[in-house]
Every structure is written in structure tokens, then in C-alpha cells.
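S.K.: the sequence and its predicted three-dimensional model are supplied below.
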Amino acid sequence: MQEQLSEILYFLKGALKYKWTALIMTWVLSICGWTYVSMMPDKYTSVAKVHVETRTMLQPLLSGMAIEADVRGLLRVMQQLMFTKGNLEQITKLSDLDKTIRTPTEQEELINDLKKDIHINGGTEDIFTIQYEASSPDMAKNVVQAVLTVFSEQTQLSTHGNSDSAQRFIDEQIQEYEMRLRNGEKARENFKRTNLGLLPGQGGDQIGKIQAMSKELEDAKLGLKEAISRKAKLTEQLEESLTSDDNDDEWKSSTEVASVEDDVQIANLKQRKNELLIKFTENHPEVSHINKTIKELQIRNAVKQAKVVDAGGLDTAVLNNPYVQSIKVAINEVDANIASINSRIEIFQQRLVKEQEELNSRLSIETEIENLNRDYSQIKNNYDRLLSSRETAVMSEKVDNQAEALKFKIADAPNMPLKASSPKRKLLYSGVLVVSIIISLAVAVLLYLIRPTFMSISQLRQFTGLPILGSISMKYRPEELIKYRNEMFKYGAGVLCLFVIYLGFMTADIVKINLLGLSVFS
């Protein structure tokens, strides 16, 4: 921190070498600035305050039943409406500003100036301020009075027309929503008629049915596996019996026995087929499977008979073997059971696919009808709210007919400004002086930086990095001291004269205001 202060002091000492340059620049800048400020035209501001009363005796009685006017929102809109071209032209006529207009270009410039200079500000407690600044007191007052007149007219017209426009809008929306409501009801009716039987609540416990059918299908498949395994086991036992050493001589006769057994199996299948035809047609899957099995047995029987002919006949010993006959009967029963199970599996699969497709359709229909119901409910709610809003608007219109919605009162009439509101010359004079001094000092420091010199031993030591043994004081001759004192006296006189001129401008501004006040009161 100490080093930084030392650096600043070095710069200030260096800037003192160019003190005359800084003083001359301060004089030039200050005189030019003060002259410009003194020549600035005076501006006078006229202000009017208006109070908008919205509270009536009916408000606490009709709270929640009628629409309360949004006064602040209304006045915000009025602030925007005030700056339309038509309203600004009316203000120029009421304030006699149009008398100075000669060309359309001048009229456009005047309207733009009014739009920029007129200020309408909202305060608290429903009090609003209208403010305008002009080059003369009369003009400022006349413009504010004209704005007040136009503002009052626009506010009253907007208040009386607001309820009618709102009610017309609500009526149009009610007609639109009524049409949409009827279309929604018709769409729901047609959808229910088209999807009768698949609507929510009409399918019973369909998921439970699908689960039960899936379980039955799995049980049938398990039974089929068991039957196939049993047939394989019986076939293996039959082959072992036929290929044993004790029955080598009985193979020929076993063929005849097998033929008889095939005939028995064919007879059993035909009997099963007749039983099924009582309930189903020829196209039923189980009937078709039995027909297929009968054909296979007939073909196999024919092949065996051909083998018997080729072998010249078989011994009847094997045919009368009870063990072989029992195995073949068991195989025939298993074949019939397999055919029946396959038929049931096909039926279960068809029913399950049908139920699943119906379930998917039902779920899709439920989603669609939920969407229809949701859209219909939304439209119905909006329609009911619009009906309620229309009743509220009708009651509000009746309330406005009995009591004014807006009471426009002038709190403070437009005043005649006694003194200029701008420019603030005293503040500007001081600002010009301060800015001139800062700029001049900055220029002096800049000149020192351009042509630097060492102002102290420490600065020289820091710059060169060499040890400094000491310093020698400057010894001035008497005539040099007199010259230095005269120079400083002249410099001080220059600074003093600058401040005297500054005080002169300040005094002139104060005297001018006082003279204006005396002339007004006299």
C-alpha cells in the first residue's frame, strides 16, 4: 500500500512540471462548458394528478358474483392508447400547438416530440401523474390540460364499452363450444354403437379366461408328452418280445396277429369318429386327425398282409400270445389318446388366439373411448365455465348501470411552473469544472509519462538497480527565487480567476431565478 501511494505521489510531482498546460486546458474546457450550459434553453414542467375511484357500495355486497374492474390494467392500456396519432393530434389542437404548424413534416415532428415528452406514471392509491416539459410555462400547462381532457374521455369510453365487448366475446365462445360439445356427444354415440360388446365392463373377466385357457393348453401339452413317452416305451417292449430267442419261430404268425390288431384299432377309431360326428362336422380338427390315423393303419395293415403272402404264412402261436396282444392293445389306446390330445391342443390354441385378439381390441377400444371421454369432459367444463362467466358479465353490466365503475377525479390541476425545471445549471456548472480539472490532470500525467524524469532517490534506485550514495540539494540564487515566486503567484491568480468565473456563472443563475420569481409575484 505504501509503495502504491509513493507511485501516485511520483506521478503527481511529475505532473506539476506541466501545471501551466493543465491550467490552460482547464480554462478552455471550463469556459466552453459554462458557456454552453448558460445558453441551454430553459424547460418548464407542468404536473397534474388524477385519482381514479373504483370502490362503490355494491362491491362488498356482490363480492364474487360480479366482475371487478381491473383499473390498473385498464389505465395501463389507456397509457398506450394516449400515444396514438389521433389522440396526439387532438392534444395539439386543444393546446393550440397546431397554430405553429405549417407543413405535414412539422406536424409529424411535433407529434413525435409529444409522444416522447408526455409522461403518464402510476402511483399508489389509484393516483396517476401526467407530466410534460416545454420551453414556456403556458405551453407546458396547456399540454397537460389537453392530455388530462383526452385521458378522461378515453377512460370513460373504455369503461362503458368494456362490458359489452366482453359479453359479445363470451357469447361467440359459447356458440363455438356448444357446437364442439354436440360433435363430441355424436362421436361418443357412434363409437359405442360400432364397438358394442367390446366396451369397458362388457367383457367379463377376460384376462382370467385367458389365464385358464393357457393353463389348460399347458396341461394338454404335458399330457401329449406323457402319451408319446408311453407309446415309445410300449413299442420298445413289443420289439423286445418279437425279437426274443423264444419267439423266433413265431414271427410269421405274429404278422397275422398284428393285422387283426390293426383291424381292432381301426374299428375303435371309427367308433370314436362316429361319436365326434354327433357334435362336430367332418372339418373338425379331431375328426380330421382320426381319418388320417385310420388311413395310416389301413396302409400299414396292407403292407403287413403283403409280407405274410411273401413269407408263405406265419404260425398262429404268436397271434395267440396274450402278452404281445396286450402290448398292441395298449399301443392302440395310446395312439387314440394322442390323436384326441392333439385335437384338443389345436382347439385350445385357436380359442386362445381368438381371446387374445379380442383382448387387444378391447384394450385399444378402451383407450380410444377414454380419449373421447377426456376431450368431451374438457369441452363440457369449458362450456360450463363460459355459461357461468356470461351470467357474471350480465350481472356486472347491471351493477355498472347502477354505480359508476370508474370515478375520474382531478386531485391536482395542471400548475403554472414558476421556475425552470431544467437544465440544472448549478449542478452542470460544478460538473463542468470537475470534469475539466480531471481531464487536465490526466493530460499532465500523460505528458509526464511520455517524457518521464526521476523525482526522488528511491525512484532512481528502483529503476537502475544501482546503489545511490546520496543527493545534493538545489541552491537557488536570489533572482531565481524571485522569479519562481512570481511564477507561482501568477499560477495562483490564474486558478483564483477560474474559480471567480465559476462563482460568477453560479451567481448569475441564482439571480436569474430570483428575478423570475420577483416578476411573477409582482
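M.R.: It's in. Residues are numbered from 1 along each chain as shown.

S.K.: can I assume Thr45 sits in a helix?
M.R.: No - Thr45 sits outside any helix when classified using DSSP: H, G, I helix; E, B strand; the rest coil, being strand.

S.K.: what score does the nearest residue to it once chain neighbours are set aside have for pLDDT?
M.R.: Of all residues not flanking Thr45 in the chain, Ser421 sits nearest, at 3.9 Å (CB to CB, 6 or more residues apart in numbering). Backbone N, C-alpha and C define where each C-beta goes, glycine included. Per-residue pLDDT puts Ser421 at 80.

S.K.: swap in Asn332?
M.R.: 83.

S.K.: pretty sure it is touching Asp263, no?
M.R.: No - using CB atoms under 8 Å, Asn332 makes no contact with Asp263, being 10.5 Å away.

S.K.: which one of those two is surrounded by more residues?
M.R.: Between Asn332 and Asp263, Asn332 has the larger neighbour count (other CB atoms under 10 Å), namely 21 against 13.

S.K.: from Gln237, how far out is the more buried one?
M.R.: Distance, Asn332 to Gln237, by CB to CB, to the nearest Å: 14 Å.

S.K.: again, but for Pro417
M.R.: If you go by CB to CB, the gap between Pro417 and Gln237 works out to 129 Å.

S.K.: neighbour count: these two, which is higher?
M.R.: Using other CB under 10 Å, the more surrounded residue of Pro417 and Gln237 is Pro417, with 20 against 16.

S.K.: so that one makes contact with Pro137?
M.R.: Yes - between Pro417 and Pro137 a contact is recorded at 4.8 Å, counting by CB under 8 Å.

S.K.: overlap in contacts of these two?
M.R.: Common contact partners of Pro417 and Pro137 (CB atoms under 8 Å, 6 or more residues apart in numbering): 44, 46.

S.K.: how's the chain carved up into domains?
M.R.: 2-40+423-521, 44-173+394-412, 206-390 (automatic domain parsing).

S.K.: now do the same end-to-end measure for the second one.
M.R.: When you say that, I think you mean domain 44-173+394-412. End-to-end distance for domain 44-173+394-412, by CA to CA, to the nearest Å: 17 Å.

S.K.: what mean pLDDT does that domain get?
M.R.: pLDDT averaged over domain 44-173+394-412 gives 70.

S.K.: going forward, begin numbering at 46 instead of 1
M.R.: In the new numbering, first residue 46, that becomes domain 89-218+439-457.

S.K.: the stretch 196-345 of the chain: helices as residue ranges?
M.R.: Assigned by DSSP state H, counting those that start in this stretch, the stretch 196-345 of the chain shows helices spanning 251-287, 296-324, 330-356.

S.K.: for Asp420, which of those is the nearest?
M.R.: Relative to Asp420, the nearest member of the helices of the stretch 196-345 of the chain by CB to CB is helix 251-287, separated by 26.6 Å.

S.K.: how about the closest one: buried residues?
M.R.: For helix 251-287, a neighbour-count test (16 or more other CB atoms under 10 Å) marks 254-255, 258, 261-262, 265, 268-269, 272, 275-276, 279, 282-283, 286-287 as buried.

S.K.: how about the strands of the stretch 96-245 of the chain, start to end?
M.R.: For the stretch 96-245 of the chain, applying DSSP state E, counting those that start in this stretch gives strands covering 164-167, 172-179.

S.K.: and the last one, what does it pack against?
M.R.: With contacts defined as 3 or more CB pairs under 8 Å, 6 or more residues apart in numbering; DSSP states H and E, the secondary structure elements packing on strand 172-179 are strand 89-98, helix 149-162, strand 164-167, helix 182-239.

S.K.: let's see 7 Å
M.R.: Here strand 172-179 touches strand 89-98, strand 164-167, helix 182-239, going by 3 or more CB pairs under 7 Å, 6 or more residues apart in numbering; DSSP states H and E.
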